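S.K.: let me see the structure of the following:
(2 chains)
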Amino acid sequence: AQSVTQLDSQVPVFEEAPVELRCNYSSSVSVYLFWYVQYPNQGLQLLLKYLSGSTLVESINGFEAEFNKSQTSFHLRKPSVHISDTAEYFCAVSPGGGNKLTFGTGTQLKVEL
Amino acid sequence: GAGVSQSPSNKVTEKGKDVELRCDPISGHTALYWYRQSLGQGLEFLIYFQGNSAPDKSGLPSDRFSAERTGGSVSTLTIQRTQQEDSAVYLCASSLDSSSGNTIYFGEGSWLTVV
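M.R.: Okay, here's the model as predicted:
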């Protein structure tokens, strides 16, 4: 079985500041890692994913996440946030042999002027 | 290019009544998933279907919950004798198949309120 921990339920940050949303996971098997974003009144959308290869993965809107196997982490970062990044962010894992996602409890990112 | 479609978008029902929630996956997607999103519980896996294989029902919280998928496409999640703790957003998702790493696309959810 897998589990995902997102320690920060809310992260307030000023526009143009950097941000890091933390994600740690636990699993007895190899996993794939995902970040999903849920904008206000919208459904979940895939932001980025790590399957294999380079441990640093990037999204089209400037977010990046780095898979750290020794620390079992997949933290999400952005060097300069915008108001439009205000959303809830969910970290998720799936086992290497299947596609069933286990989600963290989410982190609400609130970007302020 | 329609995404995952769910209906109804909102449902208010009285405690004890049965409800049906419908999901129309992306055309050509053989894997279909149901999740529940509730305050304080995050996103919980309920059930998933892959083609004609037996569904993985390991996440269904009680025997009041059931789901079926007809013709390998549309799915219905049924909750019998609803309770107030069933109030949540029920999310449906689909992917090309259940191979590891395939992107899972989510619908906008059905908000269920049990009063």
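
S.K.: chain B contacts on chain A?
M.R.: Neighbours of chain B within chain A, by Cβ under 8 Å from any Cβ of the partner chain: A:32, A:36, A:42-46, A:49, A:51, A:90, A:92, A:94-106. Every C-beta, even on glycine, is put in place using the N, C-alpha and C of the backbone.

S.K.: filter those to the buried ones?
M.R.: Buried subset of these (neighbour count, 16 or more other Cβ atoms under 10 Å in any protein chain shown): A:32, A:36, A:43-44, A:49, A:90, A:92, A:94-95, A:99-106.

S.K.: show me the shaky parts of chain B.
M.R.: Low-confidence segments of chain B (pLDDT under 70): B:1.

S.K.: redo that, cut-off 80
M.R.: Along chain B, segments meeting pLDDT under 80 span B:1-2, B:40-41, B:72, B:98-101.

S.K.: likewise for chain A?
M.R.: A:96-98.

S.K.: can you tell me the element the residue minimising distance to the centre of it falls in?
M.R.: The centroid of chain A falls nearest to A:Trp35 when counting by Cα atoms, centre = their mean (3.6 Å). In the assignment (DSSP states H and E), A:Trp35 maps to strand A:31-38.

S.K.: neighbouring strands for whichever helix or strand B:Ala67 is part of, and are they parallel or not?
M.R.: Per DSSP H and E, B:Ala67 falls inside strand B:65-69. Applying DSSP bridges, strand B:65-69 is found paired with strand B:75-79 (antiparallel).

S.K.: buried stuff in the strand it pairs with?
M.R.: For strand B:75-79, the neighbour count (16+ other Cβ under 10 Å) marks B:Ser75, B:Leu77, B:Ile79 as buried.

S.K.: so what sits opposite the second one in the bridge?
M.R.: What it means is B:Leu77. Beta-bridge pairing for B:Leu77 (DSSP bridges): B:Leu21, B:Ala67.

S.K.: all strands for chain A, in order.
M.R.: Secondary structure of chain A (DSSP state E): strands located at A:2-5, A:10-14, A:19-21, A:24-27, A:31-38, A:44-50, A:56-58, A:64-68, A:73-78, A:87-95, A:102-103, A:107-112.

S.K.: tell me, how many residues neighbour residue 109?
M.R.: Since you didn't name a chain, this refers to chain A. 21 (other Cβ atoms under 10 Å in any protein chain shown).

S.K.: could you do chain B instead?
M.R.: Look at B:Gly109: counted by other Cβ under 10 Å, it has 23 neighbours.
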